[in-house]
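> Show me the folded form of this:
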Amino acid sequence: MGRRGSKKKKAQMMILNEVKKQLLLQAERWGKAGYYTPLKLEEMELEACKRIIGDLLAEKNNLDYQMNMLAENRKEIDMKLQRLSVYLTKADRVAKSHDKNIEKILDKLIGDRKKTLGALERVKFKEAQAISVLISDN
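Next up is the predicted model:
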């Protein structure tokens, strides 16, 4: 990536952080200070990644169609498909990163996962035992 790419990425991150800060400030002014939690922001970013991946896949299908049905500009279409493949890989990597971040946030909220799942199983078992069948003589 080099020095130039690193500077560009750092500048992009600064802009995104500023946008987040402004979003939080506006939410506070509107009386929704607790709405944009770290979990909510990660979910929003993941959802945006999924939309982008969907758009990229639609474009890939379009290019595949052009490649198979139209015999012209095959070289150009092939180059576009290669670039698109790189974009899809990056978008998938970013989406997986957001999935991991969401899982980490939820793990902090839940605590020990094994204990939580065990407690949940005990509650389900007790609920199953508490169910009774009423029979009437109508």
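
> Spit out the contact partners of the spatially most central residue of the chain.
The residue lying closest to the centre of the chain (Cα atoms, centre = their mean) is L46, at 2.0 Å. By Cβ atoms under 8 Å, 6 or more residues apart in numbering, the residues touching L46 are A95, H98, D99, I102. Yep, even glycine has a C-beta here, placed from its N, CA and C like the rest.

> With pLDDT as new columns, can those be given to me in a markdown table?
What follows is these, written out as a markdown table (pLDDT from 0 to 100):
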| residue | pLDDT |
| --- | --- |
| A95 | 94 |
| H98 | 92 |
| D99 | 91 |
| I102 | 88 |
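
> of those, buried ones?
The neighbour count (16 or more other Cβ atoms under 10 Å) marks A95, H98, I102 as buried among the contacts of L46.

> so where is the protein shaky, pLDDT-wise?
Confidence mapping of the chain against pLDDT under 70 gives the ranges 1-3, 71, 113, 125-138.

> In it, spot the helix with the most residues.
Across the chain, the helix with the greatest residue count (assigned by DSSP state H) is helix 74-110.

> thinking again about what came up before, turn the contacts of L46 into TSV, including distance to D78.
Formatted as TSV, the contacts of L46 follow (distance: Cβ to Cβ, whole Å):
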residue	distance to D78
A95	26
H98	31
D99	31
I102	36
